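# coordinates only, sequence not included:
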């Protein structure tokens, strides 16, 4: 039986029909065009954006690249789109590796032979199936389901069609070859052999099949070359920028930790208002976006009907970069005055002020885009310009003048302790093992002081040696910093550190996740007696878990409640504390029913990022109200448990406005422990 003339096994190119030099010339040219266009993009990020070090700890960065770009662990967090993308990406990745192996085998040394050859052909054939499953799921999702979060531009359809044609073209080329040669190992390419049966059934001559093999190969080659050359101009750019963004993601900061305001070599502060004020990595973020919309789905501000869509914000930055970036890069301009204003124009202040800085967008992003950092950087410009609503301005003024957002005297901070006997230790004067950093809401809100008193009683039942700072305590500055008032944060930090340095204690405990996150992650190294140079910081749920586990705190009563638990953003997503509160709930004897969105996917209450101090504006439904409706939909849940003073405030109001005050109680974790005592 005739066979297709001698060829490279992978390329299938007849030497007497299309010389290999032609093939490789075409592919090398396409590759060079790709590299040059990618260079132009990278040059634009580097020359327009500010410098930022992201080259350290290469072994960790490579590990992230493998986990997130190759294995795609974050993509798989959502089943349907995860399987879909794994099919597309891994199918293509296998083709890419297979191409390289076959090229080496053809031109350098033979190693794909015998059983290895059979395994190789089987894997390549199964990769076709894997890819086509992914493509089918993608087509159904894009053309039938049409979820609102997806971008439905024609470019996406063109990209999907192109790569599908490439895969099918390779399959058809192989099937013509199998139809002519009909090798004994044809079972190793089941899909190719199945298609080959179509050509065999037509009764076409071998010469005809060889002719069409050659025609299809030429078509396949040209489609591959065109696709490779045009990747930087289309939606497939993310296959390069996504892995790059993952590789250069931040490593040296805890989740959610913000960097101070950057300065010029001359010492002037840089407030982000136009493209050159961003770092090159922030500009890369905009180019890495896959437009999957996961951030948008997870965003509480977007769900409630505010103008913010994290996806659209990043795309707005990308649009401006592609519009103005080439000119800026060509001029080597670093002067924001020479560029159009971005903040307040392409990205409006209403969008920026809608963010709760909950970090859900960052958590969901499969390519590790840092939305919150960019938003806070732009907010800093708005703060300097005074572009904020009146309520927020008043709250910041109160923080600056009184050290709390309530606008009350610092002497009133410990008023709630007046009825407590014996008096709580003042760690400025007496030594204590634990300093309880109480926080503004637990200190000043009249609706929360009862919880603060119960906290004292629980601590004392456990025999805890603790004290407080009384009037020396100031707001930790978490929300001030996320609003964009960096100067105010630094002032609050300095006053708190001054008070802490004069106090006698070993460990900080706080009932406020906002304070917890800031004290633990954003207060630089503080001078104190511990050899490690840092104050250990615990959330009270962690401390309660330790006390109960060690037997120091004994719960004598088993509660018989069916409860659900809300994970606070700054305790959960920002600091990974998920198990301690649940273990405490279990110790009280309560049955825990998990929320549909829990742990790292918990829905924000809507108070963070200074939103609790701002006008709500026109919204469809507040995040706290959405959360209450989720809880009410659970079967036989009596109590909605929280572990944050702001959550108590937000959700007690939400059960009233949703009409569920009678059938769902809002309780702080400490209230369950107090009752179980």
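Arrived safely, thanks for sending. From a predicted model like this one, the values you see are computed outputs, not experimental measurements.
# Do a quick rundown of the helices in the stretch 551-677 of the chain.
579-587, 623-632, 645-657, 669-676 (DSSP state H, counting those that start in this stretch).
# ok now the longest one, how far from the chain's centre?
Just to be clear, that refers to helix 645-657. 27 Å (Cα atoms, centre = their mean, to the nearest Å).
# Next, count neighbours for residue 612.
20 (other Cβ atoms under 10 Å). Where you see a C-beta, it was placed from the backbone N, CA and C, and this is true even at glycine.
# With residue 87 instead?
That count, for residue 87 with other Cβ under 10 Å as the rule, works out to 21.
# same question, residue 432
20.
# In contact with it: list those residues for me.
425, 465, 466, 467, 504, 505 (Cβ atoms under 8 Å, 6 or more residues apart in numbering).
# Ok, residue 162 next?
223, 226, 227.
# mind redoing it with 10 Å?
223, 224, 226, 227, 230, 231, 234, 236 (Cβ atoms under 10 Å, 6 or more residues apart in numbering).
# ok, now residue 93?
69, 70, 72, 86, 127, 130, 131, 239.
# can we see that at 8 Å?
Residue 93 touches residue 70, counting by Cβ under 8 Å, 6+ apart.
# Can you name the next helix or strand after the helix or strand that contains it?
Element membership for residue 93 (DSSP states H and E) is helix 79-107. Sequence-wise, the next helix or strand downstream of helix 79-107 (DSSP H and E) is helix 114-140.
# Show me where the protein has its strands.
Applying DSSP state E to the chain gives strands spanning 425-426, 434-437, 466-468, 507-510, 537-539, 562-565, 591-592, 639-642, 665-668.
# Save those strands as TSV, and put in mean neighbour count too.
What follows is these, written out as TSV (neighbours: other Cβ atoms under 10 Å):
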stretch	mean neighbour count
strand 425-426	18
strand 434-437	24
strand 466-468	23
strand 507-510	21
strand 537-539	22
strand 562-565	21
strand 591-592	16
strand 639-642	24
strand 665-668	21
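# What about the residue nearest to residue 573 when sequence neighbours are not counted, how many residues nearby?
In space, and not counting its chain neighbours, residue 573 is closest to residue 359: 4.8 Å by Cβ to Cβ, 6 or more residues apart in numbering. Residue 359 has 23 neighbouring residues, counting by other Cβ under 10 Å.
# can you check the one 5 residues further on too?
If you count neighbours by other Cβ under 10 Å, residue 364 ends up with 23.
# How about the one 5 residues further on?
Burial measure for residue 369: 27 neighbouring residues, criterion other Cβ under 10 Å.
# Please apply the same query to the one 5 residues further on.
Residue crowding around residue 374 was assessed by other Cβ under 10 Å; the count is 23.
# Compare the strands of the chain and give me the one nearest residue 202.
strand 562-565 (63.8 Å; Cβ to Cβ).
# Ramachandran coordinates for residue 73?
The phi/psi pair for residue 73 (degrees, to the nearest 10) reads phi -60, psi -40.
# Check what pLDDT it gets.
Here the pLDDT value assigned to residue 73 is 91.
# OK, contacts around it?
Counted by Cβ under 8 Å, 6+ apart, residue 73 has contacts residue 67.
# just the one 4 residues further on next, same as before
Residues touching residue 77, when contacts are defined by Cβ under 8 Å, 6+ apart, comprise residue 364.
# give me the number of residues near the spatially closest residue to residue 408 that is not a sequence neighbour?
By the measure of Cβ to Cβ, 6+ apart, the closest residue to residue 408 outside its immediate chain neighbours is residue 444, 5.7 Å from it. The number of residues packed near residue 444 is 21, by other Cβ under 10 Å.
# doesn't residue 407 make contact with residue 444?
No: in this structure residue 444 lies outside contact range of residue 407 using Cβ atoms under 8 Å: 9.3 Å.
# Find residues that contact each of those two.
In contact with both residue 444 and residue 407: no residue, using Cβ under 8 Å, 6+ apart.
# and residue 15, what pLDDT?
With respect to pLDDT, residue 15 has a value of 44.
# quick one, what contacts residue 128?
91, 167, 170, 171, 191, 192.
# Surely residue 98 and residue 123 touch.
Yes: here residue 98 reaches residue 123: they are 7.4 Å apart, a contact under Cβ under 8 Å.
# okay, those two: which has more neighbours?
residue 98 (18 against 14).
# Please name the nearest non-neighbouring residue to the more buried one.
Nearest one to residue 98, counting by Cβ to Cβ, 6+ apart, is residue 124 at 5.1 Å.
# Quick one: neighbours of that neighbour, just the number.
24.
# wait, what's in contact with it?
Counting by Cβ under 8 Å, 6+ apart, residue 124 has contacts 94, 95, 98, 189.
# Next, the contact list for the last one, please.
Under the criterion of Cβ under 8 Å, 6+ apart, the contact list for residue 189 reads 121, 122, 124, 125, 174, 178.
# Quick check, pLDDT for it.
89.
# Out of the contacts of residue 189, the closest to residue 301 would be?
residue 124 (46.1 Å).
# For the contacts of residue 432, work out which two are farthest apart.
466 and 504 (12.0 Å).
# coming back round to it: who touches the residue nearest to residue 408 in this structure?
404, 406, 408, 412, 413.
# Out of the residues you listed, who's the most crowded?
residue 413 (25 neighbours).
# that older thread, between the helix holding residue 93 and helix 114-140, how many degrees?
In terms of direction (axes from the mean of the first three to the mean of the last three Cα atoms, to 10 degrees), helix 79-107 departs from helix 114-140 by 140 degrees.
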